[in-house]
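*Asks:* What would the 3D arrangement of this be:
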Amino acid sequence: MTVTFLSYIIPNAISSAHATGTNDAIALMEQQIHAMQAQLNTMKQKQAAENRRIRAELARQRELIEADPYASRAHLLGQNTTGPYGVAAHNGTGHDDVFGLASSAIITPSRTASTPYGELTAIPPAHPDLYSPLRRGQLQIGGVRLTLGGYLEAAGVWRSRNSAADIASAYNAIPWHNQPTSHMSEFHQTERQSRLAALVEGMLTKKLEADAYVETDFQGAGSSSNSRQSNSYVLRARVVYGELKDSADGWYILGGQSWSLITLFNKGMFARDEQTPMVIEAQYVPAFNWTRNAQFRVVKTFGPHERYAAGLSIENPSSVPAGVSPCSTAAHHCTTTDRLTGTNVNNPSTYYTSDPAPDLIAKVAADPGWGHYELTGVMRFFRDRNSTVGSGSNHTTIAGGGGGGMVLPLIDKKLYFQASGLVGTGLGRYGSTNMPDYTYNRTGGVTALPEANILLGLYGNPMKNLKLYSYAGAESVLSRRAFDEGSNHYGYGNRNFDMRGCSTELATNCAASGNIHTVAQATGGFWYTAAKGDYGTLLVGGQYSHTHVQAFSGLGGKPKSDADMVFMSLRYQPFN
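*Replies:* Below is the predicted model of the structure:
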């Protein structure tokens, strides 16, 4: 404007100078220059006032946004007119929205995995949209999106029989009545189920997406861990994996530690969509089939909405032995080797079985429009070695079985039913009770135990802020695998095992703990959303369970034990 103004003033001044004389021309130029300076001063004052107004408007809008990050800008600023792209252009004061996105939300609400368990534990969603607006708990770093999840928990647990457990119960270690702890209750408060989670996602190519997910808690125990003073429980790797996803062609490849493919899904077969029970109890429910271990998994989906899927997972093996091998007795002069004590970075306080090959798990799943359905098969390999001085031989046994599950919406978004089960040989590892996988035959070789389990569940949302659930599950070794040699009794469930002291305190003749037949449980509870706002969600939960343990009968009868448990939880989800 200044250049244009001078280009107009100076030629006119020169023209006037020729007409009226030099003195008059100079005076006229001075008058015009003074007028120009006055105009410039006025313009500077207006510009300074406008800058102050914009800074004040920015501060006002920022305060409103921070007070309610979920509200739209149009709602916060009182805007009612529409500008380009359908966004509000002016606020109630007649000024422009200096951010320029008046009608869009500042921070959209967070999302979790679309499962009941995902909502209670703030697990990042299994089907994210990398091009959607950022949600609460998300950061964008270039083309990489980071989603935070997890919760902080203050929990309490009471058990009618003392098993010295924390938030995760040992169902197969509920005391028998010959043990003093069977006649003592226990109470613990714990924060160790508190969980941290992070999901990192990005596009490698136009169609190939990569993600990495880490989930950790404090339920591990190191050599210095205790509950006496410093409470030094260690950080634990729950889930750690990377995944390649080609959703256009329906291919998903996962490597790392995750829930086993044998776990029931809520829908499809996507990681983080597992149908984990809604309980506070960290050992879940008997007959819930799962592990979290290292694996390599490939899943192929079919159809325009990926309603059908097939998957194969190669998973890290481990086994639960039971009984005593006859080859390990003095009369046979040989040794059975099927496990080793941990060395190096493995735990030296436990054993690692000598499995020769990974567990193989295959699954097909369908979501035809009403409900979720799946069929699962598993193959396992067990091995031991019988050695004498100078020689020895290996024995390998193949085991496995199959099962299935379903999740049915009886009343959409209000009431759901689920059922799952597994039957076969050598499947104890996969149930929450951790029943034994195998025992030993007359030659000291491995004999897989026949086993089955079934889990039923009913859950729903009778009110917006209230979730109710109930489950009933049972795991069982279906039949005995036992034999005698002279006066010695071997195998699992032998009728000659001495059970006569199982009901007498401090008696030592009770073989029940190594010959469990069935573990069953009925449980129910609730989750109440006590508060939900801009800075997270506060959940209050309660659970009661009754667990029944039955051993195989032996000399003296059929021992049994039970336990009542009560759990309470207060969970804060900062990113949900």
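*Asks:* CA atoms for contacts and neighbours, from now on please.
*Replies:* Will do.
*Asks:* Give the rounded mean pLDDT of the longest strand along the chain.
*Replies:* Determined from DSSP state E, the single longest strand within the chain is strand 391-411. Mean pLDDT, strand 391-411: 95.
*Asks:* The helix or strand just after it packs against which elements?
*Replies:* Following strand 391-411 in sequence order, the next helix or strand is strand 415-425 (DSSP states H and E). Secondary-structure packing of strand 415-425 (3 or more Cα pairs under 8 Å, 6 or more residues apart in numbering; DSSP states H and E): strand 391-411, strand 450-463.
*Asks:* Single out the most deeply packed of those.
*Replies:* strand 450-463 (a mean of 20; mean count of other Cα atoms under 10 Å).
*Asks:* domains in this protein, as residue ranges please.
*Replies:* Domain assignment for the chain by automatic domain parsing gives 2-67, 116-573.
*Asks:* start to end distance for the longest one?
*Replies:* It stands for domain 116-573. Across domain 116-573, the terminal residues are separated by 15 Å (Cα to Cα, to the nearest Å).
*Asks:* and whatever helix or strand residue 151 lives in, what's its mean pLDDT?
*Replies:* Using DSSP H and E, residue 151 sits within strand 144-159. If you average the pLDDT over strand 144-159, you get 96.
*Asks:* Ok, stretch 370-379 next?
*Replies:* Averaging pLDDT along stretch 370-379 gives 97.
*Asks:* now residue 166, what's its secondary structure?
*Replies:* Following DSSP: H, G, I helix; E, B strand; the rest coil, residue 166 is assigned to coil.
*Asks:* no, scratch that, I was asking about residue 327
*Replies:* Under three-state DSSP, residue 327 comes out as helix.
*Asks:* before we move on, back to that, weakest of the domains of the chain by average pLDDT?
*Replies:* Mean pLDDT across these is lowest at domain 2-67; the value there is a mean of 73.
*Asks:* any idea how far residue 494 is from the closest residue to residue 187 other than its chain neighbours?
*Replies:* Computed as Cα to Cα, 6 or more residues apart in numbering, the closest residue to residue 187 that is not its neighbour in sequence is residue 158, at 4.5 Å. Noted for residue 158: a distance of 34 Å to residue 494, by Cα to Cα.
*Asks:* still on that earlier bit, tell me which of the domains of the chain is the most buried.
*Replies:* domain 116-573 comes out most buried of the domains of the chain by mean count of other Cα under 10 Å, with a mean of 19.
*Asks:* Distance from that one to the middle of the chain?
*Replies:* In terms of Cα atoms, centre = their mean, to the nearest Å, the centre of domain 116-573 is set 13 Å apart from its chain centre.
*Asks:* Report how far apart the opening and closing residues of stretch 300-311 are.
*Replies:* Its start and end residues considered, stretch 300-311 measures 6 Å (Cα to Cα).
*Asks:* Run through the helices of this structure in chain order.
*Replies:* Per DSSP state H, the chain carries helices over the ranges 2-20, 22-67, 73-77, 116-121.
*Asks:* hmm, back to that, contacting residues for the residue nearest to residue 187?
*Replies:* Residues near residue 158 by Cα atoms under 8 Å, 6 or more residues apart in numbering: 185-188, 565-567.
*Asks:* May I have the beta-bridge partners of it?
*Replies:* Under DSSP bridges, the beta-bridge partners of residue 158 are residue 187, residue 566.
*Asks:* List the residues that contact the residue lying closest to residue 262 once chain neighbours are set aside.
*Replies:* Using Cα to Cα, 6+ apart and skipping the chain neighbours, the partner closest in space to residue 262 is residue 290 (6.2 Å). Residues near residue 290 by Cα under 8 Å, 6+ apart: 259-260, 262-263, 430-432.
*Asks:* What separation is there between residue 290 and residue 148?
*Replies:* Taken as Cα to Cα, the span from residue 290 to residue 148 is 25 Å.
*Asks:* ok, residue 169 - contacts?
*Replies:* Neighbour list for residue 169: 163, 281-283 [criterion: Cα under 8 Å, 6+ apart].
*Asks:* end to end, how far does stretch 366-375 reach?
*Replies:* Start-to-end, stretch 366-375 (Cα to Cα) is 9 Å.
*Asks:* What separation do you get for the residue most central in space within the chain and residue 272?
*Replies:* For the chain, the residue nearest the mean C-alpha position is residue 123 (5.2 Å; Cα atoms, centre = their mean). Distance of residue 123 to residue 272, given as Cα to Cα: 7 Å.
*Asks:* For residue 504, grab phi and psi.
*Replies:* Per-residue torsions, residue 504: phi -110, psi 120 (degrees, to the nearest 10).
*Asks:* meant to ask about residue 510, not that
*Replies:* According to degrees, to the nearest 10, residue 510 has phi -140, psi 110.
*Asks:* Enumerate every residue touching it.
*Replies:* Counting by Cα under 8 Å, 6+ apart, residue 510 has contacts 178, 498-502.
*Asks:* In JSON lines: the residues you listed, plus distance to residue 212.
*Replies:* Below are the contacts of residue 510 laid out as JSON lines (distance: Cα to Cα, whole Å):
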{"residue": "178", "distance to residue 212": "49"}
{"residue": "498", "distance to residue 212": "52"}
{"residue": "499", "distance to residue 212": "51"}
{"residue": "500", "distance to residue 212": "54"}
{"residue": "501", "distance to residue 212": "53"}
{"residue": "502", "distance to residue 212": "50"}
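*Asks:* Could you single out the nearest of those to residue 560?
*Replies:* residue 502 (8.5 Å; Cα to Cα).
*Asks:* how much space is there between that closest one and residue 545?
*Replies:* Distance from residue 502 to residue 545, by Cα to Cα: 24 Å.
*Asks:* What of residue 58?
*Replies:* 55 Å.
*Asks:* Same check on residue 507?
*Replies:* For residue 507, the distance to residue 545 - Cα to Cα - is 28 Å.
*Asks:* Repeat that for residue 202.
*Replies:* Taken as Cα to Cα, the span from residue 202 to residue 545 is 43 Å.
*Asks:* Looking at the helices and strands packed on strand 415-425, which is nearest to residue 373?
*Replies:* strand 391-411 (4.5 Å).
*Asks:* okay, the angle between the closest one and strand 450-463?
*Replies:* Strand 391-411 and strand 450-463 are oriented at 30 degrees to each other (axes from the mean of the first three to the mean of the last three Cα atoms, to 10 degrees).
*Asks:* other SSEs contacting strand 391-411?
*Replies:* strand 372-388, strand 415-425, strand 446-448.
*Asks:* Output it as PDB - backbone C-alpha positions only.
*Replies:* What follows is strand 391-411, C-alpha atoms only, in PDB (Å, rounded to 0.1, in the frame of the first residue of the first chain):
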ATOM      1  CA  SER A 391      23.400 -96.600  26.300                       C
ATOM      2  CA  GLY A 392      20.000 -95.100  26.100                       C
ATOM      3  CA  SER A 393      16.900 -94.600  23.900                       C
ATOM      4  CA  ASN A 394      14.500 -91.700  23.200                       C
ATOM      5  CA  HIS A 395      10.700 -92.100  23.200                       C
ATOM      6  CA  THR A 396       8.500 -89.600  21.300                       C
ATOM      7  CA  THR A 397       4.800 -89.500  21.700                       C
ATOM      8  CA  ILE A 398       2.400 -87.500  19.400                       C
ATOM      9  CA  ALA A 399      -0.700 -86.100  21.200                       C
ATOM     10  CA  GLY A 400      -3.400 -83.500  20.500                       C
ATOM     11  CA  GLY A 401      -7.100 -83.000  19.900                       C
ATOM     12  CA  GLY A 402      -9.700 -80.500  18.800                       C
ATOM     13  CA  GLY A 403     -12.500 -78.400  19.900                       C
ATOM     14  CA  GLY A 404     -14.400 -75.200  19.100                       C
ATOM     15  CA  GLY A 405     -16.300 -72.300  20.500                       C
ATOM     16  CA  MET A 406     -19.000 -69.700  19.800                       C
ATOM     17  CA  VAL A 407     -20.100 -66.300  20.900                       C
ATOM     18  CA  LEU A 408     -23.800 -65.500  20.400                       C
ATOM     19  CA  PRO A 409     -25.600 -62.100  20.800                       C
ATOM     20  CA  LEU A 410     -28.800 -63.300  22.500                       C
ATOM     21  CA  ILE A 411     -29.900 -59.700  22.800                       C
END
